[in-house]
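Chemist: Predicted coordinates and the sequence they were generated for:
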Amino acid sequence: MISENIYELMLNQVNAELNASYLYLSMAAYFENKNLRGLAKWMRKQSEEEREHAMKFYDYLVTVGKKVVLKAIPDPKTEWSSVMEVWQDTLNHEKKVTNMINNIMKQAIEDNDYASINFLNWFVDEQIEEVTTAEEIIAKFEMIGDSKQGLYLLDKELGERKED
């Protein structure tokens, strides 16, 4: 039903989404260690969301009759020089994932694979949201600068993230 190229790209995407989940969990642990519980909670939720994304690809591959072959996930980064560096890494990672999704979509369009295009449309929209959210949070951190009160308030605000 799907081409070998789409199959390989989607297998890689399962791995990339699980890797993202692991990275965000590592970021949560970093924030926990800094007593930034709100930021940790936000990243834990993000980790869960990325695992759900991996499972969407997993389920799609199963639905189209393909075998899911999981690959090793590299150790995530565990230390950052600042809270801002964590968010810069978040933005960079989301941009990388966006490029991967776009590459799968490009291949689906080339293959005239309308089922995969339909499936991928959700991810295209999701990645716009992911990148925009990271950019907005970075802008807030830039606004507060080195303010401990600002960090306290932003930690509290991000800790109120609801289930998506």
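Modeler: Here it is on my side, so go on.
Chemist: just so I have it, where are all the helices in the chain?
Modeler: Here the chain has its helices, by DSSP state H, at 4-33, 37-63, 83-110, 114-144, 148-158.
Chemist: So which elements touch the last one?
Modeler: Helix 148-158 is packed against helix 37-63, helix 114-144, with contacts defined by 3 or more C-beta pairs under 8 Å, 6 or more residues apart in numbering; DSSP states H and E. Where you see a C-beta, it was placed from the backbone N, CA and C, and this is true even at glycine.
Chemist: do the third one as well
Modeler: If contacts are counted by 3+ C-beta pairs under 8 Å, 6+ apart, helix 83-110 sits against helix 4-33, helix 37-63, helix 114-144.
Chemist: Just the buried residues of the first one, please?
Modeler: Meaning helix 4-33. Across helix 4-33, burial judged by 16 or more other C-beta atoms under 10 Å covers 6-7, 9-11, 13-28, 30-31.
Chemist: Same check on the longest one?
Modeler: Applying a neighbour-count criterion of 16+ other C-beta under 10 Å, one finds Ser116, Phe119, Leu120, Phe123, Glu126, Gln127, Glu130, Val131, Thr133, Ala134, Ile137, Phe141 buried in helix 114-144.
Chemist: One more: stretch 42-62?
Modeler: Applying 16+ other C-beta under 10 Å to stretch 42-62 flags 42-47, 49-51, 53-54, 56-58, 60-61 as buried.
Chemist: just the buried residues of helix 114-144 now: which is nearest Leu153?
Modeler: Ranked by distance to Leu153 (C-beta to C-beta), the buried residues of helix 114-144 are led by Phe141 at 11.5 Å.
Chemist: Next, the contact list for the closest residue to the closest one other than its chain neighbours, please.
Modeler: Among residues not flanking Phe141 along the chain, Met84 sits closest, at 5.3 Å (C-beta to C-beta, 6 or more residues apart in numbering). For Met84, the contact set (C-beta atoms under 8 Å, 6 or more residues apart in numbering) comprises Ile138, Phe141, Glu142.
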